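K.L.:
take this sequence and fold it.
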Amino acid sequence: MPLLYTIGKLTVAPALRLAFRPAVEGLEHVPETGGAIFAGNHLSVADELFLGTVVPRHLAFWAKSEYFTGTGAKGAFSKFVLTGLGAIPVERAGGRAALSAFDAAIPALRGGDLVVVYPEGTRSPDGKLYRGRTGAARLAIAAGVPIIPVGTVGTDKAQPIGARVPRPGTAKITVKFGKPLDFTGRPDDRTSLRQMTDEVMSEIQKLTGQEYVPRYAPKRADTDPAGDA
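P.N.:
Sure thing, here's the model as predicted:
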């Protein structure tokens, strides 16, 4: 586990548990060892904080590449923090540039790490669940690991868009884990990847109860660190 992540588990995680008392459902679906992909809904920048708080193992988040290439003191600090947490940079525009995220994630997964992907690619602008991009399914097939659906509830109220930090007492936070989805042996053509992704999003929707929107969420030009290829 990276040093900065360990420090966070010893400091930030206990503070969040004390202040918010997040509920957890389905933690038995999180493997004690071995690689897996967490694919979740994305309501707030706080999603990463609470997911990292309730999962005892290290989580490698996909984060948009701009946070590793910024300039000045702010850019240097962002790169230091994300690198220290073991985050994986991803080009959200997709294409060949996005393959670098796979180059980093596949060895991590095969080595037994957990990688977090938000298939919507950005935070939901209205609390609804949007169509997923196929990066998580492609990664699962390439690395030979299962996908664990994750549903987070309440983070959009605890830290709505524009808020700098989560606010205690504003919402009940619940993190739900679904049964692992094993896509071993499935083909990786475009149609199959789309079907697998839709299966994942369906399981996420069952966990959260969100209204599903069968189109991609609009991209945000803000400080959302999440990314998907």
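K.L.:
which residues does the nearest residue to residue 44 once chain neighbours are set aside contact?
P.N.:
Nearest residue to residue 44, sequence neighbours excluded (CB to CB, 6 or more residues apart in numbering): residue 155, at 3.9 Å. The way it works is simple: take the backbone N, C-alpha and C, and place the C-beta from them, glycine included. Applying CB atoms under 8 Å, 6 or more residues apart in numbering, we find residue 155 in contact with 43-44, 46-47, 50, 166, 171, 173.
K.L.:
if we use 7 Å, what do you get?
P.N.:
Going by CB atoms under 7 Å, 6 or more residues apart in numbering, residue 155 touches 43-44, 46-47, 50, 173.
K.L.:
where are the low-confidence patches of the chain?
P.N.:
92-99, 220-229 (pLDDT under 70).
K.L.:
send me stretch 187-202 as PDB with only the CA atoms.
P.N.:
Provided in PDB are the C-alpha atoms of stretch 187-202 (Å, rounded to 0.1, in the frame of the first residue of the first chain):
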ATOM      1  CA  PRO A 187     -15.300 -11.800 -26.500                       C
ATOM      2  CA  ASP A 188     -14.000  -8.200 -26.500                       C
ATOM      3  CA  ASP A 189     -15.600  -7.000 -29.700                       C
ATOM      4  CA  ARG A 190     -17.600  -3.700 -29.600                       C
ATOM      5  CA  THR A 191     -21.000  -5.300 -29.300                       C
ATOM      6  CA  SER A 192     -20.000  -7.700 -26.500                       C
ATOM      7  CA  LEU A 193     -18.200  -4.900 -24.500                       C
ATOM      8  CA  ARG A 194     -21.400  -2.800 -24.800                       C
ATOM      9  CA  GLN A 195     -23.500  -5.700 -23.500                       C
ATOM     10  CA  MET A 196     -21.200  -6.300 -20.600                       C
ATOM     11  CA  THR A 197     -21.100  -2.600 -19.700                       C
ATOM     12  CA  ASP A 198     -24.900  -2.400 -19.800                       C
ATOM     13  CA  GLU A 199     -25.000  -5.400 -17.400                       C
ATOM     14  CA  VAL A 200     -22.700  -3.600 -15.000                       C
ATOM     15  CA  MET A 201     -24.700  -0.400 -15.100                       C
ATOM     16  CA  SER A 202     -27.900  -2.400 -14.500                       C
END
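K.L.:
tabulate the contacts of residue 155 (JSON lines), appending secondary structure.
P.N.:
Below are the contacts of residue 155 laid out as JSON lines (DSSP: H, G, I helix; E, B strand; the rest coil):
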{"residue": "43", "secondary structure": "coil"}
{"residue": "44", "secondary structure": "coil"}
{"residue": "46", "secondary structure": "helix"}
{"residue": "47", "secondary structure": "helix"}
{"residue": "50", "secondary structure": "helix"}
{"residue": "173", "secondary structure": "coil"}
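K.L.:
which among the residues you listed end up buried?
P.N.:
Neighbour counting by 16 or more other CB atoms under 10 Å classes 43-44, 46-47, 50, 173 among the contacts of residue 155 as buried.
K.L.:
out of these, who's nearest residue 82?
P.N.:
Distance to residue 82, by CB to CB, is smallest for residue 47 among the buried ones among the contacts of residue 155, at 15.5 Å.
K.L.:
thought residue 152 was touching the closest one, still the case?
P.N.:
Yes: contact criterion CB atoms under 7 Å: residue 47 and residue 152 qualify, at 5.0 Å.
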